[in-house]
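S.K.: Provided below are the primary sequence and the corresponding predicted coordinates.
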Amino acid sequence: MANIKSAKKRITVIEHKTAQNRRVKEHLKDALKDFEAAIAKGDLEAAEQKLRFAEKKLKKAATKNVIHKNAASRRVSNLYKKLNKAKAE
């Protein structure tokens, strides 16, 4: 346990930021699961809406430095590939 006042403060700040990052990641996972479920059902209209929502969540997580911006771009690209593949079938 920290003895210095500033170190104690840093511990609480880090706990707060960790909680925020966990929340953002959970929302992100939920959005991606919803998209995957819509694709699995074959509901392309809902999948497009869920894709836009997931893309928004990914980009926001990247701007907040929860995930790397290239990782967010890669995931968005893969989601669009899945949607286009489902549309082609």
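M.R.: Right, received. Where do you want to start? Numbers count the residues shown, from 1 in each chain.
S.K.: which helices and strands sit right next to the longest helix seen in the chain?
M.R.: When the chain is scanned for its longest helix (criterion: DSSP state H), the result is helix 5-41. Judged by 3 or more CB pairs under 8 Å, 6 or more residues apart in numbering; DSSP states H and E, helix 5-41 is in contact with helix 44-63, helix 69-88. The C-beta positions use only the backbone N, C-alpha and C, and glycine is treated the same way.
S.K.: just these: most buried one?
M.R.: When the helices and strands packed on helix 5-41 are scored by mean count of other CB atoms under 10 Å, the highest mean neighbour count falls to helix 44-63 (a mean of 17).
S.K.: Centroid-nearest residue for this structure?
M.R.: In the chain, the centroid-proximal residue (CA atoms, centre = their mean) is Leu28; its distance is 2.9 Å.
S.K.: residue contacts, the nearest residue to it once chain neighbours are set aside?
M.R.: Take Leu28 and drop its neighbours on the chain: the residue closest to it by CB to CB, 6 or more residues apart in numbering is Lys57, 5.0 Å away. Contacts for Lys57 (CB atoms under 8 Å, 6 or more residues apart in numbering) come out as 24, 27-28, 31.
S.K.: same thing but 7 Å
M.R.: When contacts are counted by CB atoms under 7 Å, 6 or more residues apart in numbering, Lys57 touches 27-28, 31.
S.K.: And the closest residue to Lys69 other than its chain neighbours, what's its pLDDT?
M.R.: Excluding its sequence neighbours, the residue lying closest to Lys69 (CB to CB, 6+ apart) is Ala62, at 4.3 Å. The score at Ala62 is 97. That number is its pLDDT.
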